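Show me the folded form of this:
(chains A, B, C, D, E and F)
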Protein chains: 6
Amino acid sequence: MNDSQRVSILSEALPYIQSFSGRKIVIKYGGSVMEKDILKKAVFRDIALLASVGVRPIIVHGGGPEINNWLIKLKIKPKFERGLRVTDEKTMEIVEMVLMGRVNKQIVRGINETGATSIGLSGLDGNLIQARKLKSSTHGFVGDISKINSSILDPLIDKGYIPVISSIGSSNNGISLNINADYVAGEIAAAINAEKLILLTDTPGILKDLNNPKSLIRNLNLKQARKYIEENIISDGMKPKTECCIRAIAQGVKATHIIDGRIEHALLLEIFTDTGKGTMISA
Amino acid sequence: MNDSQRVSILSEALPYIQSFSGRKIVIKYGGSVMEKDILKKAVFRDIALLASVGVRPIIVHGGGPEINNWLIKLKIKPKFERGLRVTDEKTMEIVEMVLMGRVNKQIVRGINETGATSIGLSGLDGNLIQARKLKSSTHGFVGDISKINSSILDPLIDKGYIPVISSIGSSNNGISLNINADYVAGEIAAAINAEKLILLTDTPGILKDLNNPKSLIRNLNLKQARKYIEENIISDGMKPKTECCIRAIAQGVKATHIIDGRIEHALLLEIFTDTGKGTMISA
Amino acid sequence: MNDSQRVSILSEALPYIQSFSGRKIVIKYGGSVMEKDILKKAVFRDIALLASVGVRPIIVHGGGPEINNWLIKLKIKPKFERGLRVTDEKTMEIVEMVLMGRVNKQIVRGINETGATSIGLSGLDGNLIQARKLKSSTHGFVGDISKINSSILDPLIDKGYIPVISSIGSSNNGISLNINADYVAGEIAAAINAEKLILLTDTPGILKDLNNPKSLIRNLNLKQARKYIEENIISDGMKPKTECCIRAIAQGVKATHIIDGRIEHALLLEIFTDTGKGTMISA
Amino acid sequence: MNDSQRVSILSEALPYIQSFSGRKIVIKYGGSVMEKDILKKAVFRDIALLASVGVRPIIVHGGGPEINNWLIKLKIKPKFERGLRVTDEKTMEIVEMVLMGRVNKQIVRGINETGATSIGLSGLDGNLIQARKLKSSTHGFVGDISKINSSILDPLIDKGYIPVISSIGSSNNGISLNINADYVAGEIAAAINAEKLILLTDTPGILKDLNNPKSLIRNLNLKQARKYIEENIISDGMKPKTECCIRAIAQGVKATHIIDGRIEHALLLEIFTDTGKGTMISA
Amino acid sequence: MNDSQRVSILSEALPYIQSFSGRKIVIKYGGSVMEKDILKKAVFRDIALLASVGVRPIIVHGGGPEINNWLIKLKIKPKFERGLRVTDEKTMEIVEMVLMGRVNKQIVRGINETGATSIGLSGLDGNLIQARKLKSSTHGFVGDISKINSSILDPLIDKGYIPVISSIGSSNNGISLNINADYVAGEIAAAINAEKLILLTDTPGILKDLNNPKSLIRNLNLKQARKYIEENIISDGMKPKTECCIRAIAQGVKATHIIDGRIEHALLLEIFTDTGKGTMISA
Amino acid sequence: MNDSQRVSILSEALPYIQSFSGRKIVIKYGGSVMEKDILKKAVFRDIALLASVGVRPIIVHGGGPEINNWLIKLKIKPKFERGLRVTDEKTMEIVEMVLMGRVNKQIVRGINETGATSIGLSGLDGNLIQARKLKSSTHGFVGDISKINSSILDPLIDKGYIPVISSIGSSNNGISLNINADYVAGEIAAAINAEKLILLTDTPGILKDLNNPKSLIRNLNLKQARKYIEENIISDGMKPKTECCIRAIAQGVKATHIIDGRIEHALLLEIFTDTGKGTMISA
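Numbering: from 1, shown residues only, chains lettered A, B, ... in the order given. Predicted coordinates for the structure are as follows:
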């Protein structure tokens, strides 16, 4: 392709750029995108591009397979119950180190290499995520969000830094709690009055029939989303993600998106083209 | 071309966007670009795109053929001497109305239609361009710049408005003077400490041999530019443009460009590709 | 008069200056004041004086006889219907050039010569006046205001610039529309929460009996004003002006004045003396 | 005089107002102006008028005859040596109360009654005037200025308050010292980079021949002023005032004026007319 | 005590400091604390310490015995009626001078000597306290507060200055009025939305039995306080103080304290220990 | 000890608090203080107290024995050469996780539990520490500081957050490097123009005779410090610490301190008592 064609395409992005200028977009970074180097680099560049055209991205991440790798290296067997990691004290030590000391910093380093500037945070920093332990006795150090204290984010966002947030919360009695990262992304989006919440996943979006990728649902409103959950059309791993979107919208986020992080430039496709990708849930 | 390819190309613009973010670029709008509707629309979109990605464009324009059209309608015969319009009082009335009341507002309207927001100014507004009459007795109300008073520009640029400036100056005794628009663009670029001055022309740039478009000079430094003028390699209409660039660079502008406005997206090609177009004169 | 007497008089202005300090006053500039040089100079000095003592004047103007002069020069016959100019495309071209390129700049230049600093604007600049075409098929490019977007005014007023606004609006589809200047003044006064709207006219104010200048009505409240219109005591040219005042007051402007611009220093007389001149309409 | 003439005169003040807008003027208030009610009221209105048109007046005062009145009431005999009050401890108690508790508050109340807003300060407040005791053993609690700490003044002046300052300084060991008010005015003018220092006195200005009021010297430059002191043409009470002006100018004050406070509106005459009154000493 | 013990104690103050950081506390300075040098020094240091750890103290004072001393020196017999000073014109002159020129400045000087920076104000300065004369014909120049105009306080407090306010108000017709200082403290606390109002007195607090210091009431809510007044348990001098606290709380002050100024560091004991001293009245 | 004595001691801290208000103090946290719970809690409270009285602490930490513990758990043998850890790729992974994911967050959590608010950072975040690999081939991922980019710190410090910084730097080619924490503390102190640099160590300070704790050197100037290094009086582990202090002072830090972190409240003793502890090196 020659330069003329390139700049023509650039030019076509104008209305998209104008409509998102200055808006906050919370991106849950997770799934394959964390593991494949080529996807990782592309997503960091996408985030940097968003920031460079005036969008204000905020990244939230969990730990994914990295945590299991390190548990195994340390001869601790990963255990799950009802989709949640059973997190005893020894496990929690690893969760903290891997999330805040390894995954978070890989993202920060990756974004910074693109020329943008990011800053790593966890729920402990500036008391960003206040949490309480789940009542369920079996999960150990796993928590629910009791309050997002977003005052640390504003001075950073205003100066153009991209916050990268690990899904670790801080309880009243000073212990760290492991929290589901989708949930963290949703609550932060609500707390900072974000325009959009985007969950990067390993699925094309919400499928009516899990075995048929062509059954992708492109748009859902709150009511439909709730109905599909009731009817078990949305189930398993997609259920908590959808609930997370519903809660975010109920608290004022304009639109939420469950998209396929395995597609290169999935973020840009969502924001800078009309078709978008995946499922959008909105009010 | 499909969406994936589109966003890939968008993504490649990242380093260019980052390197010009927040920089002021003065653009002399003139030549064919003012006459052909399709070029006009493209250049307005280009300016809007620059603004949307954080560049701060400032537009300067003259009147071109519009002035002659209206003079003829009013039965006044356009007259030129040594390349400058002979501007008697009746002519000056037309020059003012056409520049400030017609051409300026067409540009303002055109940019605003793209979704950006511009504001039309002349050298009278906020005393922006202070001028004195040329000593030459024959040219009438034609002037030289004595001072650029750029304090009106800062609050507008800071709020994201794109200034569009007519090349009319104001003399001490309260009369308006017609000033060469290239010259106005150069002096404003110097006064506001612009990163770049770009002159949109009807030539490919500076040619070593006017008859051979392949003789385009891509880069010139100050010394070379001065030498080429002395040796008459740069002459006629290109001479004042080059002198204008030389003066701007001498006053601190980082780079100046004489580019071909007849090429669609000439501005984006200059700023968002490596090759650029036309001639760059720098220190 | 000696210096002592002069400064005594200055001293008496203190309470008036204090009570208007920091207040915005919208002045519709029109009528004879636009034509007679001596009145023009006086009104520019009055505006500059207001600005120098901390009042914030905003000037709105139409085109008056200047437009007809130029139409005639270009062999276009001015046409009016029900008090409004029939504005076909060719006429509109002249209206734009004369208003924005000639009359506006004469005012700007005139104010700047007094030592104050003004800036010329039209409804296009910063999308200040959004308009829609009148439904009446016969008037052509004549419009109604749909929205005042005053965000361009604040940064200018805060820095001490005096805005001078041409009564041209911008429609959604990017065409310019000619709007009644009294109406523009009234809507801008409402949009910026002005203290006062002052209409400079060629009458002593509202007369009970048009043939008897002694029948001047000094004060009217909203209710009376509406009643006088119904009873046709206020009619013809005074009717739209009065309606304009009524609308401004209904939207929160404190007081509106219809005064005689033919009297030297009419503005100062209105603001800096107890008696005032002309008719005041207030809530 | 009718309203038209009044506003004409107002209008003539425009260039004076424009040239002093935003400038700081330090006024030493003293002499007859403190004693005669009619002069007092006029001077308060003058100060308020200056503030209302954008000038920033700062008032400095001593105690004058009030101090003697109260000393006598308390059976303390006022004593002077070489023009300076001999200030023993009991006297100093009275000086403080009369200056800071009576004269200062009378000025504050007087200015506030005009509609302006003033605030009374002494050298103790915000550590404004740091002083050291004169070495001369005989004068008691009389001091020299060692430092003006003007940081208390800026937030007040910026908010439009008129500071009224008693000439009492504070020494390192926490005792108050009586300081010559002319001297305080001069040093404050220098410290805040004032445009003008004006000393209100009971003389027409500096006279070449004390017995001949027609021998008034209208202008003096620094060199001449120093020469006249050497040659004893300037002597007695006028000598310290002149030295005070010389020091202020040497530290950057643009112009200093010794004027006749007994003339009504002396301040306005000085600032708003060409002729001025009294003697101007400038660089 | 050794250094280790000292810093341990310092360390224990942390939670108290954190909970009052940035809060405004109005302190009525009066009673013995004004007379005994050692108490005075301690209270000034306490105020400075509060300011140094981020609390924002505002001091209000009356005149106490100083006024009587000076009345007697001037052969004026102090007279009281129903607890209020009968203040004829001659008395008022002394009240003003002693309060604003002597007591106020002693406090300012005392605080400044500790290294903090204070500024003395009265109700006249910046029109801080607007008052009206009591209707009672017998008390003379004694007033009630009609309005607190606290806009002068904010710029000073924001810059870290400690305001010291004399209880003199200014009436509409420009005369000064003597106002009860407890009352001034209460109304200022309400006007600036203070966290606490603390009255320094010569009693241990509110006693159930005036003859039994062990009958100290530690806490009262609004209802109880009103009941005790009705039942005459709170009577005499304590009654107006209690009413003052009630009014302050009713207007939003969080807590009010009547404490024993005769105890060294009474302020610090109240704010930096759990037990506190004296009586707290809260909502 | 009773309350009166407590507040007396508090009161004595006033001059110390006043002299450090608003000053930045960089504290290298390390040694035993990291291991013993009681010392840890005390140091966190000390840091919170400093912040609560207006000092601006910035904490820098290394990893200490924690890193070795985790290396051993993962069967990697810690290796050192010339006092520096040999950091191969596997070791570096552990270093990063332990420093940024464990030690840093323990400090953040500890400070936040005291009621202050801290934020954890590493050299990657906001590109704070730019580093280059040591030329020595044997040390692996160990680096030198090439640039401190402190712009991330200002908005945080201004809002009252306490930065806690891990000594990990970021190289140009995007790899993390392990850096000596004393060195990081010194360079950050220099970059932010700190008042003081305090190194918490496991020694009483610099000893003339290592075997004699009574040989403590209390004060050293730059020249002496350099001489003692040359003469090998300062050697081994103390040598790099001293060099670090020398470099900080040479770049404008006012004073540096090597103190004994094993003493409870060592920080408060240094800042809030006259005697201080340990060795002070100053210009």
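
Which residue ranges of the stretch 51-200 of chain A form strands?
A:56-61, A:80-81, A:84-85, A:118-122, A:129-133, A:143-148, A:162-166, A:168-171, A:176-178, A:196-201 (DSSP state E, counting those that start in this stretch).

pLDDT of the third one, averaged?
The one in question is strand A:84-85. Looking at strand A:84-85 alone, the average pLDDT works out to 86.

any residues touching it, and which ones?
A:67, A:78-79, A:91, A:95, A:134, A:139, A:142, A:178, A:180 (CB atoms under 8 Å, 6 or more residues apart in numbering or on different chains). All C-beta atoms are positioned from the backbone trio N, CA, C, and that covers glycine.

Same list, the strands of the stretch 51-200 of chain A, but as CSV with mean neighbour count and distance to residue A:252 please.
Shown next, in CSV, are the strands of the stretch 51-200 of chain A (neighbours: other CB atoms under 10 Å in any protein chain shown; distance: least, CB to CB, whole Å):
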stretch, mean neighbour count, distance to residue A:252
strand A:56-61, 25, 15
strand A:80-81, 10, 33
strand A:84-85, 20, 27
strand A:118-122, 28, 22
strand A:129-133, 21, 19
strand A:143-148, 18, 13
strand A:162-166, 28, 19
strand A:168-171, 26, 22
strand A:176-178, 26, 26
strand A:196-201, 27, 11
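
Ok, which of those comes nearest residue D:11?
strand A:56-61 (52.1 Å; CB to CB).

average model confidence for that closest one?
In the prediction, strand A:56-61 has an average pLDDT of 98.

cool, stretch A:229-245 as well?
Averaging pLDDT residue by residue across stretch A:229-245 gives 93.

Start and end of that stretch, how far apart?
12 Å (CA to CA, to the nearest Å).

who touches that stretch?
A:83, A:180, A:182-183, A:185-186, A:197, A:199, A:201, A:203, A:206, A:208, A:225, A:228, A:256, A:258, A:281.

Go again with 6 Å.
The contact list for stretch A:229-245, computed with CB atoms under 6 Å, 6 or more residues apart in numbering or on different chains, reads A:182-183, A:186, A:199, A:206, A:225, A:228, A:256, A:258, A:281.

again with stretch A:130-150
A:81, A:84, A:86-88, A:92, A:127-128, A:169, A:171, A:177-179, A:187-188, A:191-192.

In which helix or strand does residue A:252 reside?
Assigned by DSSP states H and E, residue A:252 belongs to no helix or strand.

swap in the one 10 residues further on?
No secondary structure element spans residue A:262, as it lies outside all helices and strands (assigned by DSSP H and E).

Got the phi and psi for it?
Main-chain dihedrals, residue A:262, degrees, to the nearest 10: phi -80, psi -20.

what about it, neighbour count?
16 (other CB atoms under 10 Å in any protein chain shown).

Spit out the contact partners of residue A:115.
residue B:18.

quick one: it and chain E, what's the gap?
39 Å (CB to the nearest CB, to the nearest Å).

if you look at stretch A:99-113, does any of it touch chain F?
Yes - Stretch A:99-113 is in contact with chain F by CB under 6 Å from any CB of the partner chain, via A:100-102, A:105, A:108-109, A:112-113.

those helices in the stretch 1-150 of chain A, which residues are they?
Taking DSSP state H, counting those that start in this stretch to define them, one finds helices in the stretch 1-150 of chain A at A:3-12, A:14-20, A:37-52, A:65-73, A:89-98, A:104-113.

Run through who's touching the last one.
Under the contact criterion CB under 6 Å, 6+ apart, helix A:104-113 has outside partners A:44, A:47, A:118, A:120, A:162, A:164, A:166, F:100, F:124, F:127, F:174.

before we move on, what about the longest one?
The set of residues that contact helix A:37-52 without belonging to it, under CB under 6 Å, 6+ apart, is A:33, A:57, A:110-111, A:114, A:116, A:162, A:264-265, A:267-268, B:11, B:14, B:17-18.

Repeat that for the first one.
When contacts are defined by CB under 6 Å, 6+ apart, helix A:3-12 is touched by residues B:6, B:9, B:13, B:45, B:49, B:265, B:268-269, B:272-273.

Between helix B:37-52 and it, find me the angle.
60 degrees (axes from the mean of the first three to the mean of the last three CA atoms, to 10 degrees).

buried stuff in helix A:3-12?
Buried residues in helix A:3-12, counting neighbours by 16 or more other CB atoms under 10 Å in any protein chain shown, are found at A:3-4, A:6-12.

I'd like these as a markdown table, with pLDDT appended.
As requested, the buried residues of helix A:3-12 are arranged in a markdown table below (pLDDT from 0 to 100):
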| residue | pLDDT |
| --- | --- |
| A:3 | 86 |
| A:4 | 87 |
| A:6 | 89 |
| A:7 | 89 |
| A:8 | 90 |
| A:9 | 90 |
| A:10 | 91 |
| A:11 | 91 |
| A:12 | 91 |
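
With respect to residue C:61, which of those is nearest?
residue A:11 (38.2 Å).

Mind telling me which residue of chain A is nearest chain E?
Nearest residue of chain A to chain E: residue A:127, at 13.7 Å (CB to the nearest CB).

so who does that residue touch?
Residue A:127 neighbours (CB under 6 Å, 6+ apart): A:149, F:112.

same check, this time on residue A:55
Taking CB under 6 Å, 6+ apart as the test, what residue A:55 contacts is A:20, A:25.

so how far is residue B:72 from it?
50 Å (CB to CB, to the nearest Å).

can you count the residues close to the residue in chain A positioned nearest to chain D?
Closest residue of chain A to chain D, CB to the nearest CB: residue A:155 (24.6 Å). The tally of other residues near residue A:155 (other CB under 10 Å) stands at 16.

was I right about it contacting residue F:155?
Yes - at 4.2 Å, residue A:155 counts as touching residue F:155 under the criterion of CB atoms under 6 Å.

Out of the buried residues of helix A:3-12, flag the one nearest to residue E:63.
Among the buried residues of helix A:3-12, and counting by CB to CB, the member closest to residue E:63 is residue A:10, at 76.3 Å.

Is residue A:242 in a helix, a strand, or coil?
With DSSP: H, G, I helix; E, B strand; the rest coil as the basis, residue A:242 sits in helix.

Please report how far it lies from residue D:261.
For residue A:242, the distance to residue D:261 - CB to CB - is 83 Å.

what does residue A:115 give?
Note on residue A:115: its distance to residue D:261, by CB to CB, is 67 Å.

Could you check how many residues crowd around residue A:243?
For residue A:243, using other CB under 10 Å, the count is 17.

How about stretch A:159-169 and chain B, any contact?
No - for stretch A:159-169, no contact with chain B is found by CB under 6 Å from any CB; the gap never falls below 9.1 Å.

Now do that stretch: everything it contacts.
A:51, A:57-60, A:62, A:99-100, A:104, A:107-108, A:111, A:116-123, A:129, A:131, A:143, A:153, A:156, A:176-177, A:179, A:181, A:184, F:155.

Below-threshold pLDDT in the stretch 101-250 of chain A: ranges please.
Where the stretch 101-250 of chain A drops to pLDDT under 70, the residues are A:137.
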